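Chemist: output the structure for:
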Amino acid sequence: MVIRLSPRLRRIADYVRPGEIVIDVGTDHAYIPIYLLQNNISERAYASDLRAGPLENARRDAVSGGVADRLTLFCCDGLSACDPDSVDTVIVAGMGGETIQGILSAAPWSRGKRCILQPQTMFHELRQFLAASGRRISDASLAYDTGRIYLIWLVEQGSMDPSCTIDPSLIEKRDPLLVPYTEDLIKRLRKQLNGLERSKAPDEAQMQLLRRDLEELQRIREEGSLWQR
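Modeler: Alright, predicted model coming up:
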């Protein structure tokens, strides 16, 4: 079996440098590690999952794909079974921002590794955590997959300003998905702001922040629309 990745998973795999050893947390079928091994991007790989069922699927796929001897599977919570010295890059994809934060917090050694993160929710909170823990988002990408736009971050040691609403690298490289992604964020923030405005005790400070973010997103959307003309 030859693994062909979806656009989202392929964008994640593209951040792995040749020769790097990765661990894919919450791996499910282990498609990313198997792909990296089949294409000789990684010589070895690790994958973890909380449940035995997905790991059995991963084991079968690794055998079918001819890479079972180079893939080590862990049934564990996050990175708890991983030897820090054995990996170069940590992949955590398809989880909420709070869950990703918990996984990284429980493994302080991950701060010294390249991390490829694909959060589903709580982007701002995760940015704040990364900045507070001495990490920076060195690159960001967008991928359109199954009717949705996904955000992928490459994270390394360093400092950054966590207050941005859109990652600067998406603007700098004029990501073709930036405009629809920005429009989606605007809809979410407007819904959140409307909910606060209708509440009996609205949080004025929070509403002010949301209005500021909306203005910034609208400006970025307008600029992005000009690029694509």
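Chemist: and for stretch 110-127, what's in contact with it?
Modeler: Applying CB atoms under 8 Å, 6 or more residues apart in numbering, the external contacts of stretch 110-127 come out as 8, 12, 15-16, 20, 79, 84, 87-98, 100-101, 104, 133-135, 137, 150-157, 160, 162, 164-165. Every residue, glycine included, has its C-beta placed from N, CA and C.
Chemist: what's the burial count for residue 187?
Modeler: Residues lying near residue 187 (other CB atoms under 10 Å) number 10.
Chemist: locate it within the secondary structure: which element?
Modeler: helix 178-198 (DSSP states H and E).
Chemist: go on, residue 217?
Modeler: helix 204-227.
Chemist: from residue 146, how far off is the most centrally placed residue in the chain?
Modeler: The C-alpha lying nearest the average C-alpha coordinate of the chain belongs to residue 118 (CA atoms, centre = their mean; 1.5 Å). Going from residue 118 to residue 146 by CB to CB, to the nearest Å gives 14 Å.
Chemist: what does residue 31 give?
Modeler: Distance from residue 31 to residue 146, by CB to CB: 14 Å.
Chemist: name the helix or strand of the chain that has the lowest mean pLDDT.
Modeler: helix 204-227 (a mean of 87; mean pLDDT, DSSP states H and E).
Chemist: so how far is that helix off the chain centroid?
Modeler: 23 Å (CA atoms, centre = their mean, to the nearest Å).
Chemist: show me what that helix is packed against.
Modeler: helix 168-172, helix 178-198 (3 or more CB pairs under 8 Å, 6 or more residues apart in numbering; DSSP states H and E).
Chemist: could I get these as JSON lines with mean pLDDT and distance to residue 125?
Modeler: Compiled in JSON lines, the helices and strands packed on helix 204-227 are given as follows (pLDDT from 0 to 100; distance: least, CB to CB, whole Å):
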{"stretch": "helix 168-172", "mean pLDDT": "93", "distance to residue 125": "19"}
{"stretch": "helix 178-198", "mean pLDDT": "90", "distance to residue 125": "14"}
